[in-house]
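The following comprises the amino acid sequence and a computationally predicted model.
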Amino acid sequence: MRSPVTRLVLAALAPVVFAFCCAASYLAAFHDPAPHHLPVGVVAAPAVEHDIGGALAARAPGAFVLERYPSARAAQAAIMDRHVDGAVVIGAHRARLLVATVIGSAPTDAVSQALVPLIGATGHAPVTVVDLAPLPAGNRDGLGVFFLVLSVLLPSLLAGVLTTFVSRSGRALGQLGALAGFALLTGAVAAATADGLTGTLTGHYLATSGILALLCMAMAAPTAAMARFAPHGAALAALAFVVLGIPATGGPAGLQGFVPAFFRVLEPALPPSVAVPALTSVSYLGSHALAQPLLVLGAWAVAGSVVLSAVARRRAPNGGTRHSRAAFVLKPVAAEVQDTGPSYQPAGARRVGARSRANLLARPPSWPRLSRRGCRAHGRSTTPISGNMSLPTDNSPVCSPSP
(Lines give C-alpha, C1' and ligand atoms only; values in the text may rest on other atoms or scores of the structure.)
Protein backbone atom coordinates (compact mmCIF):
# COMPACT_ATOMS: atom_id res chain seq x y z
CA MET A 1 0.00 0.00 0.00
CA ARG A 2 1.61 3.24 -1.14
CA SER A 3 1.72 6.19 1.22
CA PRO A 4 -0.07 9.44 0.32
CA VAL A 5 3.28 11.12 -0.35
CA THR A 6 4.27 8.37 -2.78
CA ARG A 7 0.95 8.64 -4.61
CA LEU A 8 1.36 12.41 -4.92
CA VAL A 9 4.88 12.02 -6.31
CA LEU A 10 3.70 9.46 -8.86
CA ALA A 11 0.77 11.67 -9.84
CA ALA A 12 3.14 14.57 -10.43
CA LEU A 13 5.63 12.45 -12.39
CA ALA A 14 3.07 10.85 -14.72
CA PRO A 15 2.46 14.07 -16.73
CA VAL A 16 6.22 14.61 -16.91
CA VAL A 17 6.67 11.18 -18.49
CA PHE A 18 3.82 11.88 -20.89
CA ALA A 19 5.37 15.22 -21.88
CA PHE A 20 8.70 13.52 -22.49
CA CYS A 21 7.07 10.89 -24.71
CA CYS A 22 5.25 13.55 -26.73
CA ALA A 23 8.35 15.72 -27.14
CA ALA A 24 10.53 12.77 -28.13
CA SER A 25 7.99 11.45 -30.62
CA TYR A 26 7.08 14.77 -32.26
CA LEU A 27 10.63 16.06 -32.51
CA ALA A 28 11.93 12.75 -33.84
CA ALA A 29 9.29 12.87 -36.57
CA PHE A 30 9.37 16.54 -37.57
CA HIS A 31 12.69 18.09 -36.54
CA ASP A 32 14.33 17.41 -39.94
CA PRO A 33 11.71 16.32 -42.50
CA ALA A 34 13.08 14.93 -45.75
CA PRO A 35 11.34 13.03 -48.56
CA HIS A 36 11.65 9.26 -48.40
CA HIS A 37 10.74 7.32 -51.55
CA LEU A 38 7.95 9.65 -52.63
CA PRO A 39 6.12 7.96 -55.53
CA VAL A 40 6.07 9.95 -58.76
CA GLY A 41 4.36 8.83 -61.94
CA VAL A 42 5.99 9.14 -65.33
CA VAL A 43 4.35 9.14 -68.76
CA ALA A 44 7.18 9.32 -71.27
CA ALA A 45 9.33 7.30 -73.61
CA PRO A 46 11.59 4.73 -71.92
CA ALA A 47 14.71 6.70 -72.76
CA VAL A 48 13.26 9.88 -71.26
CA GLU A 49 12.15 8.02 -68.18
CA HIS A 50 15.67 6.61 -67.78
CA ASP A 51 17.18 10.10 -68.02
CA ILE A 52 14.79 11.52 -65.40
CA GLY A 53 15.36 8.60 -63.04
CA GLY A 54 19.12 8.92 -63.27
CA ALA A 55 19.04 12.66 -62.70
CA LEU A 56 16.77 12.26 -59.65
CA ALA A 57 18.96 9.56 -58.17
CA ALA A 58 22.00 11.78 -58.56
CA ARG A 59 20.43 14.93 -57.09
CA ALA A 60 18.26 13.41 -54.34
CA PRO A 61 19.14 9.77 -53.71
CA GLY A 62 16.31 7.85 -52.06
CA ALA A 63 13.92 10.78 -52.18
CA PHE A 64 11.73 9.71 -55.13
CA VAL A 65 10.54 6.52 -56.76
CA LEU A 66 9.35 6.62 -60.37
CA GLU A 67 6.33 4.60 -61.47
CA ARG A 68 5.54 4.26 -65.15
CA TYR A 69 1.99 4.81 -66.47
CA PRO A 70 0.72 4.27 -70.01
CA SER A 71 -1.23 7.52 -70.35
CA ALA A 72 -1.87 10.86 -68.75
CA ARG A 73 -5.35 9.73 -67.71
CA ALA A 74 -3.92 6.74 -65.84
CA ALA A 75 -1.42 8.98 -64.08
CA GLN A 76 -4.18 11.40 -63.14
CA ALA A 77 -6.26 8.55 -61.67
CA ALA A 78 -3.23 7.41 -59.66
CA ILE A 79 -2.90 10.88 -58.14
CA MET A 80 -6.59 11.01 -57.21
CA ASP A 81 -6.30 7.55 -55.63
CA ARG A 82 -3.27 8.69 -53.57
CA HIS A 83 -0.97 6.15 -55.22
CA VAL A 84 1.50 8.84 -56.32
CA ASP A 85 2.18 12.38 -55.14
CA GLY A 86 2.59 13.75 -58.64
CA ALA A 87 3.18 12.73 -62.23
CA VAL A 88 5.20 14.12 -65.07
CA VAL A 89 3.81 13.77 -68.61
CA ILE A 90 6.35 14.45 -71.37
CA GLY A 91 5.18 14.53 -74.95
CA ALA A 92 6.73 15.53 -78.20
CA HIS A 93 5.90 19.23 -77.87
CA ARG A 94 5.13 19.87 -74.21
CA ALA A 95 5.74 18.64 -70.67
CA ARG A 96 3.27 18.76 -67.82
CA LEU A 97 3.62 18.13 -64.10
CA LEU A 98 0.38 16.91 -62.54
CA VAL A 99 -0.08 17.56 -58.80
CA ALA A 100 -2.90 17.85 -56.25
CA THR A 101 -2.21 20.39 -53.54
CA VAL A 102 -5.02 19.05 -51.33
CA ILE A 103 -2.82 16.00 -50.65
CA GLY A 104 -0.41 18.23 -48.78
CA SER A 105 1.79 21.21 -49.37
CA ALA A 106 4.99 19.36 -48.47
CA PRO A 107 4.83 16.56 -51.09
CA THR A 108 3.52 18.93 -53.76
CA ASP A 109 6.34 21.40 -53.19
CA ALA A 110 8.96 18.66 -53.06
CA VAL A 111 7.84 17.13 -56.35
CA SER A 112 7.59 20.52 -58.08
CA GLN A 113 10.93 21.82 -56.85
CA ALA A 114 12.72 18.63 -57.85
CA LEU A 115 11.16 17.86 -61.24
CA VAL A 116 10.54 21.26 -62.85
CA PRO A 117 14.22 22.36 -63.03
CA LEU A 118 15.38 18.80 -63.68
CA ILE A 119 13.19 18.30 -66.75
CA GLY A 120 14.24 21.66 -68.10
CA ALA A 121 17.91 20.79 -67.56
CA THR A 122 17.56 17.55 -69.52
CA GLY A 123 16.66 19.50 -72.65
CA HIS A 124 12.92 18.82 -72.80
CA ALA A 125 10.15 21.36 -73.31
CA PRO A 126 9.33 23.82 -70.50
CA VAL A 127 7.17 22.26 -67.82
CA THR A 128 3.62 23.41 -67.10
CA VAL A 129 2.34 22.64 -63.58
CA VAL A 130 -1.29 21.48 -63.54
CA ASP A 131 -3.10 21.38 -60.20
CA LEU A 132 -5.78 18.68 -60.38
CA ALA A 133 -7.27 19.45 -56.97
CA PRO A 134 -6.47 22.96 -55.72
CA LEU A 135 -7.25 24.02 -52.20
CA PRO A 136 -10.46 26.05 -51.70
CA ALA A 137 -10.55 29.57 -50.33
CA GLY A 138 -11.80 28.37 -46.93
CA ASN A 139 -8.80 26.08 -46.49
CA ARG A 140 -6.15 27.93 -48.46
CA ASP A 141 -3.15 26.43 -46.68
CA GLY A 142 -4.61 22.93 -46.33
CA LEU A 143 -4.43 22.90 -42.52
CA GLY A 144 -8.12 22.40 -41.77
CA VAL A 145 -8.34 18.61 -42.15
CA PHE A 146 -5.51 17.89 -39.71
CA PHE A 147 -6.84 20.20 -37.03
CA LEU A 148 -10.36 18.85 -37.47
CA VAL A 149 -9.04 15.37 -36.69
CA LEU A 150 -7.05 16.76 -33.77
CA SER A 151 -10.18 18.46 -32.38
CA VAL A 152 -11.96 15.12 -31.81
CA LEU A 153 -8.94 13.09 -30.70
CA LEU A 154 -8.66 14.22 -27.09
CA PRO A 155 -12.47 14.26 -26.48
CA SER A 156 -12.61 10.65 -27.70
CA LEU A 157 -9.98 9.56 -25.19
CA LEU A 158 -11.79 11.49 -22.46
CA ALA A 159 -15.11 9.84 -23.35
CA GLY A 160 -13.56 6.39 -23.07
CA VAL A 161 -12.11 7.14 -19.64
CA LEU A 162 -15.18 8.90 -18.22
CA THR A 163 -17.68 6.27 -19.32
CA THR A 164 -15.46 3.59 -17.80
CA PHE A 165 -15.24 5.51 -14.54
CA VAL A 166 -19.02 5.93 -14.38
CA SER A 167 -19.96 2.37 -15.40
CA ARG A 168 -17.03 0.33 -14.15
CA SER A 169 -19.30 -2.15 -12.37
CA GLY A 170 -22.06 -2.00 -14.98
CA ARG A 171 -22.61 -3.91 -18.18
CA ALA A 172 -20.71 -3.13 -21.34
CA LEU A 173 -23.87 -2.65 -23.41
CA GLY A 174 -24.79 0.55 -21.61
CA GLN A 175 -21.28 1.92 -21.94
CA LEU A 176 -21.14 1.05 -25.64
CA GLY A 177 -24.45 2.84 -26.13
CA ALA A 178 -23.09 5.93 -24.40
CA LEU A 179 -19.93 5.83 -26.55
CA ALA A 180 -21.97 5.45 -29.74
CA GLY A 181 -24.11 8.42 -28.78
CA PHE A 182 -21.02 10.46 -28.01
CA ALA A 183 -19.45 9.54 -31.37
CA LEU A 184 -22.54 10.44 -33.39
CA LEU A 185 -23.07 13.73 -31.58
CA THR A 186 -19.40 14.73 -31.73
CA GLY A 187 -19.17 13.90 -35.42
CA ALA A 188 -22.27 15.96 -36.16
CA VAL A 189 -21.07 18.96 -34.13
CA ALA A 190 -17.51 18.90 -35.55
CA ALA A 191 -18.75 18.54 -39.13
CA ALA A 192 -21.24 21.37 -38.65
CA THR A 193 -18.45 23.56 -37.31
CA ALA A 194 -16.19 22.76 -40.26
CA ASP A 195 -18.97 23.24 -42.80
CA GLY A 196 -21.25 25.99 -41.60
CA LEU A 197 -19.20 27.92 -39.05
CA THR A 198 -15.71 28.12 -40.56
CA GLY A 199 -16.26 26.95 -44.14
CA THR A 200 -13.23 24.65 -43.99
CA LEU A 201 -14.87 21.51 -45.41
CA THR A 202 -18.02 22.40 -47.30
CA GLY A 203 -20.58 20.50 -49.32
CA HIS A 204 -20.19 17.01 -47.81
CA TYR A 205 -21.69 17.32 -44.35
CA LEU A 206 -23.13 13.81 -43.97
CA ALA A 207 -20.00 12.06 -45.21
CA THR A 208 -17.75 14.24 -43.04
CA SER A 209 -19.97 13.68 -40.02
CA GLY A 210 -19.96 9.92 -40.56
CA ILE A 211 -16.17 9.69 -40.87
CA LEU A 212 -15.68 11.79 -37.74
CA ALA A 213 -18.19 9.68 -35.81
CA LEU A 214 -16.39 6.50 -36.89
CA LEU A 215 -13.08 8.04 -35.89
CA CYS A 216 -14.43 8.93 -32.43
CA MET A 217 -15.71 5.39 -31.90
CA ALA A 218 -12.44 3.92 -33.20
CA MET A 219 -10.55 5.75 -30.46
CA ALA A 220 -13.10 5.84 -27.61
CA ALA A 221 -13.98 2.12 -27.61
CA PRO A 222 -10.37 0.84 -27.36
CA THR A 223 -9.64 3.47 -24.71
CA ALA A 224 -12.63 2.30 -22.64
CA ALA A 225 -11.59 -1.35 -23.07
CA MET A 226 -8.04 -0.70 -21.88
CA ALA A 227 -9.27 1.46 -18.99
CA ARG A 228 -11.56 -1.36 -17.86
CA PHE A 229 -8.83 -3.95 -18.20
CA ALA A 230 -6.36 -2.09 -15.97
CA PRO A 231 -6.51 1.10 -13.91
CA HIS A 232 -3.78 2.69 -16.00
CA GLY A 233 -4.88 1.21 -19.33
CA ALA A 234 -5.92 4.60 -20.66
CA ALA A 235 -2.24 5.56 -20.73
CA LEU A 236 -1.70 2.94 -23.45
CA ALA A 237 -4.47 4.52 -25.51
CA ALA A 238 -2.85 7.93 -25.12
CA LEU A 239 0.47 6.41 -26.18
CA ALA A 240 -1.05 4.90 -29.33
CA PHE A 241 -3.31 7.74 -30.44
CA VAL A 242 -1.56 10.87 -29.18
CA VAL A 243 2.14 10.09 -28.89
CA LEU A 244 2.36 7.92 -32.03
CA GLY A 245 -0.82 8.75 -33.93
CA ILE A 246 -0.23 12.47 -34.40
CA PRO A 247 3.25 12.12 -35.98
CA ALA A 248 1.92 9.31 -38.19
CA THR A 249 -0.61 11.73 -39.70
CA GLY A 250 2.21 13.81 -41.14
CA GLY A 251 1.01 16.94 -39.40
CA PRO A 252 -0.82 19.82 -41.07
CA ALA A 253 1.63 19.96 -44.02
CA GLY A 254 1.09 16.36 -45.12
CA LEU A 255 4.53 15.05 -44.16
CA GLN A 256 3.57 11.37 -44.20
CA GLY A 257 6.40 10.62 -46.64
CA PHE A 258 8.90 12.81 -44.79
CA VAL A 259 8.89 11.21 -41.33
CA PRO A 260 11.16 8.33 -40.24
CA ALA A 261 10.35 4.79 -41.36
CA PHE A 262 8.79 3.83 -38.00
CA PHE A 263 6.01 6.38 -38.39
CA ARG A 264 5.54 5.58 -42.07
CA VAL A 265 4.80 1.99 -41.06
CA LEU A 266 2.22 3.14 -38.52
CA GLU A 267 0.51 5.59 -40.90
CA PRO A 268 -1.90 3.12 -42.59
CA ALA A 269 -2.83 1.41 -39.31
CA LEU A 270 -3.75 4.09 -36.74
CA PRO A 271 -7.14 5.87 -36.67
CA PRO A 272 -5.89 9.49 -36.67
CA SER A 273 -3.50 8.91 -39.57
CA VAL A 274 -6.12 7.23 -41.80
CA ALA A 275 -8.84 9.76 -40.94
CA VAL A 276 -6.87 12.60 -42.56
CA PRO A 277 -6.80 11.06 -46.08
CA ALA A 278 -10.40 9.89 -45.65
CA LEU A 279 -11.64 13.41 -45.00
CA THR A 280 -9.44 14.78 -47.77
CA SER A 281 -10.82 12.22 -50.21
CA VAL A 282 -14.44 13.01 -49.36
CA SER A 283 -13.99 16.77 -49.47
CA TYR A 284 -11.63 17.29 -52.40
CA LEU A 285 -10.91 14.08 -54.34
CA GLY A 286 -14.37 12.79 -55.16
CA SER A 287 -14.23 9.98 -52.53
CA HIS A 288 -11.36 8.20 -54.31
CA ALA A 289 -9.43 5.61 -52.27
CA LEU A 290 -11.92 5.79 -49.39
CA ALA A 291 -12.40 2.07 -48.73
CA GLN A 292 -9.09 1.36 -46.98
CA PRO A 293 -9.35 4.19 -44.38
CA LEU A 294 -12.96 3.23 -43.59
CA LEU A 295 -11.96 -0.41 -43.11
CA VAL A 296 -9.22 0.57 -40.68
CA LEU A 297 -11.52 2.86 -38.67
CA GLY A 298 -14.27 0.23 -38.61
CA ALA A 299 -11.83 -2.46 -37.49
CA TRP A 300 -10.66 -0.33 -34.56
CA ALA A 301 -14.23 0.46 -33.53
CA VAL A 302 -15.40 -3.17 -33.72
CA ALA A 303 -12.30 -4.57 -32.04
CA GLY A 304 -12.56 -2.05 -29.21
CA SER A 305 -16.23 -2.85 -28.66
CA VAL A 306 -15.59 -6.61 -28.62
CA VAL A 307 -12.69 -6.32 -26.18
CA LEU A 308 -14.72 -3.98 -23.96
CA SER A 309 -17.56 -6.51 -23.80
CA ALA A 310 -15.16 -9.36 -23.04
CA VAL A 311 -13.38 -7.43 -20.27
CA ALA A 312 -16.71 -6.42 -18.72
CA ARG A 313 -17.89 -10.04 -18.62
CA ARG A 314 -14.60 -11.12 -17.10
CA ARG A 315 -14.81 -8.48 -14.38
CA ALA A 316 -18.39 -9.49 -13.55
CA PRO A 317 -18.70 -13.33 -13.71
CA ASN A 318 -22.13 -14.71 -14.63
CA GLY A 319 -23.33 -11.20 -15.40
CA GLY A 320 -23.06 -10.17 -11.74
CA THR A 321 -20.98 -7.71 -9.80
CA ARG A 322 -19.42 -7.55 -6.38
CA HIS A 323 -22.77 -6.48 -4.96
CA SER A 324 -24.56 -9.52 -6.40
CA ARG A 325 -21.81 -11.75 -4.95
CA ALA A 326 -22.40 -10.21 -1.54
CA ALA A 327 -26.12 -10.82 -1.95
CA PHE A 328 -25.38 -14.50 -2.73
CA VAL A 329 -23.47 -14.86 0.53
CA LEU A 330 -26.08 -13.02 2.59
CA LYS A 331 -29.14 -14.84 1.22
CA PRO A 332 -28.78 -17.91 3.51
CA VAL A 333 -28.38 -15.59 6.48
CA ALA A 334 -31.58 -13.81 5.54
CA ALA A 335 -33.52 -17.05 5.63
CA GLU A 336 -32.20 -17.93 9.09
CA VAL A 337 -32.93 -14.44 10.38
CA GLN A 338 -36.52 -14.79 9.30
CA ASP A 339 -36.75 -18.14 11.14
CA THR A 340 -35.50 -16.64 14.39
CA GLY A 341 -38.52 -14.33 14.61
CA PRO A 342 -38.77 -11.51 17.12
CA SER A 343 -35.94 -12.87 19.29
CA TYR A 344 -33.41 -11.72 16.70
CA GLN A 345 -33.15 -7.99 17.36
CA PRO A 346 -30.41 -5.43 16.95
CA ALA A 347 -29.23 -3.50 19.94
CA GLY A 348 -31.63 -0.75 20.93
CA ALA A 349 -34.61 -2.22 19.04
CA ARG A 350 -37.78 -2.82 21.09
CA ARG A 351 -39.75 -4.92 18.70
CA VAL A 352 -38.99 -6.57 15.39
CA GLY A 353 -42.09 -7.13 13.31
CA ALA A 354 -42.41 -8.13 9.68
CA ARG A 355 -41.63 -4.60 8.38
CA SER A 356 -38.77 -4.15 10.82
CA ARG A 357 -37.28 -7.48 9.75
CA ALA A 358 -37.49 -6.38 6.12
CA ASN A 359 -35.68 -3.15 6.99
CA LEU A 360 -33.14 -5.12 8.95
CA LEU A 361 -32.43 -7.41 6.03
CA ALA A 362 -32.16 -4.44 3.64
CA ARG A 363 -29.37 -2.95 5.80
CA PRO A 364 -26.84 -5.69 6.57
CA PRO A 365 -24.43 -3.35 8.41
CA SER A 366 -26.98 -2.96 11.24
CA TRP A 367 -26.93 -6.70 12.05
CA PRO A 368 -25.33 -7.64 15.40
CA ARG A 369 -21.94 -9.33 15.38
CA LEU A 370 -22.19 -13.12 15.14
CA SER A 371 -20.17 -14.43 18.03
CA ARG A 372 -18.02 -17.52 17.98
CA ARG A 373 -19.71 -18.68 21.22
CA GLY A 374 -23.10 -18.93 19.56
CA CYS A 375 -21.61 -20.87 16.67
CA ARG A 376 -19.87 -23.31 19.01
CA ALA A 377 -23.20 -23.91 20.67
CA HIS A 378 -24.41 -25.24 17.33
CA GLY A 379 -21.29 -27.30 16.87
CA ARG A 380 -19.73 -25.10 14.17
CA SER A 381 -16.41 -23.30 13.85
CA THR A 382 -16.27 -19.94 12.11
CA THR A 383 -13.97 -17.81 10.03
CA PRO A 384 -14.52 -14.04 10.19
CA ILE A 385 -15.18 -12.47 6.79
CA SER A 386 -16.10 -8.92 7.86
CA GLY A 387 -16.75 -6.85 10.92
CA ASN A 388 -20.34 -8.09 11.17
CA MET A 389 -20.28 -11.65 9.84
CA SER A 390 -18.49 -14.97 10.25
CA LEU A 391 -18.27 -17.78 7.74
CA PRO A 392 -18.39 -21.42 8.94
CA THR A 393 -15.53 -23.68 7.95
CA ASP A 394 -17.87 -26.63 7.31
CA ASN A 395 -20.24 -26.97 4.36
CA SER A 396 -23.12 -25.09 6.03
CA PRO A 397 -23.87 -21.70 4.44
CA VAL A 398 -23.37 -19.07 7.17
CA CYS A 399 -23.40 -19.37 10.94
CA SER A 400 -26.60 -18.01 12.48
CA PRO A 401 -26.83 -16.60 16.02
CA SER A 402 -27.82 -18.85 18.87
CA PRO A 403 -31.50 -18.68 19.79
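Cool, the structure landed.

Can you show me the strands along this structure?
38-43, 64-68, 86-90, 95-99, 127-131, 382-384, 390-392 (DSSP state E).

strands paired with the fourth one, and their directions?
What it means is strand 95-99. Next to strand 95-99 in the sheet, as set by DSSP bridges, lie strand 86-90 (antiparallel), strand 127-131 (parallel).

can you list contacts of the last one?
Counting contacts by Cβ atoms under 8 Å, 6 or more residues apart in numbering, the residues outside strand 127-131 that touch it are 88, 94-101, 112, 115-116, 119-120. No exception for glycine: its C-beta is placed from N, CA and C like everyone else's.

same question, stretch 273-290
By Cβ under 8 Å, 6+ apart, stretch 273-290 touches 80-83, 100, 102-103, 133, 135-136, 145-146, 148-149, 201-204, 207-208, 211-212, 215, 245, 248-250, 256, 266-268, 292-294, 296-297.

Could you pick out the buried ones from these?
80, 82-83, 100, 102-103, 133, 135-136, 145-146, 148-149, 201-202, 204, 207-208, 211-212, 215, 245, 248-250, 256, 266-267, 293-294, 296-297 (16 or more other Cβ atoms under 10 Å).

Single out the most deeply packed of the strands paired with strand 95-99.
strand 86-90 (a mean of 25; mean count of other Cβ atoms under 10 Å).

Strand 64-68 and that strand, what's the angle between them?
Relative orientation of strand 86-90 versus strand 64-68 (axes from the mean of the first three to the mean of the last three Cα atoms, to 10 degrees): 50 degrees.

got the angle between strand 86-90 and strand 38-43?
20 degrees.

Please work out which residues outside strand 86-90 touch it.
Outside strand 86-90, the residues that reach it (Cβ under 8 Å, 6+ apart) are 40-45, 48, 52, 69, 72, 75-76, 78-79, 95-100, 107-108, 111-112, 115, 119, 124-125, 127.

re the thing from before, now list the buried members of the contacts of strand 127-131.
88, 95-101, 112, 115-116, 119.

mind giving me TSV with those and columns for pLDDT?
Output for the buried ones among the contacts of strand 127-131, formatted as TSV (pLDDT from 0 to 100):
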residue	pLDDT
88	92
95	87
96	90
97	92
98	94
99	94
100	92
101	91
112	91
115	89
116	87
119	82
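
ok, of the residues you listed, which one's closest to residue 23?
Taking Cβ to Cβ as the measure, residue 23 lies nearest residue 101 of the buried ones among the contacts of strand 127-131, at 30.4 Å.

if we can go back for a sec, save the contacts of strand 127-131 as JSON lines, and put in distance to residue 193 too.
Listed next are the contacts of strand 127-131 as JSON lines, based on distance: Cβ to Cβ, whole Å:
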{"residue": "88", "distance to residue 193": "39"}
{"residue": "94", "distance to residue 193": "44"}
{"residue": "95", "distance to residue 193": "42"}
{"residue": "96", "distance to residue 193": "38"}
{"residue": "97", "distance to residue 193": "35"}
{"residue": "98", "distance to residue 193": "33"}
{"residue": "99", "distance to residue 193": "29"}
{"residue": "100", "distance to residue 193": "25"}
{"residue": "101", "distance to residue 193": "23"}
{"residue": "112", "distance to residue 193": "33"}
{"residue": "115", "distance to residue 193": "38"}
{"residue": "116", "distance to residue 193": "38"}
{"residue": "119", "distance to residue 193": "43"}
{"residue": "120", "distance to residue 193": "45"}
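
Of the residues you listed, which is the nearest to residue 184?
residue 100 (31.1 Å).

Apart from its chain neighbours, what residue comes closest to that closest one?
For residue 100, ignoring the flanking residues on the chain, the nearest one in space by Cβ to Cβ, 6 or more residues apart in numbering is residue 133 at 4.0 Å.

Tell me who's in contact with that neighbour.
So residue 133 contacts 80, 100-103, 284-285 (Cβ under 8 Å, 6+ apart).

ok so, going back, right, so of the strands of the chain, which gets closest to residue 19?
strand 38-43 (32.2 Å).

any idea how far the residue nearest to residue 100 lies from residue 182?
Separation of residue 133 from residue 182 (Cβ to Cβ, to the nearest Å): 33 Å.

picking that back up, the residue nearest to residue 100 and residue 71, how far apart?
19 Å.

and what of residue 244?
Counting by Cβ to Cβ, the gap from residue 244 to residue 71 is 39 Å.

Compare neighbour counts for the two and give me the winner.
Set residue 244 next to residue 71 and count neighbours by other Cβ atoms under 10 Å: residue 244 wins out with 19 against 10.

Show the pLDDT at the closest residue to the more buried one other than its chain neighbours.
Using Cβ to Cβ, 6+ apart and skipping the chain neighbours, the partner closest in space to residue 244 is residue 266 (5.9 Å). At residue 266, the pLDDT value in this model is 94.

And residue 366, by the same measure?
Residue 366 is given a pLDDT of 44.

just the one 10 residues further on next, same as before
The pLDDT attached to residue 376 in the predicted structure is 47.

same question, residue 199
So residue 199 comes in at 84 (pLDDT).
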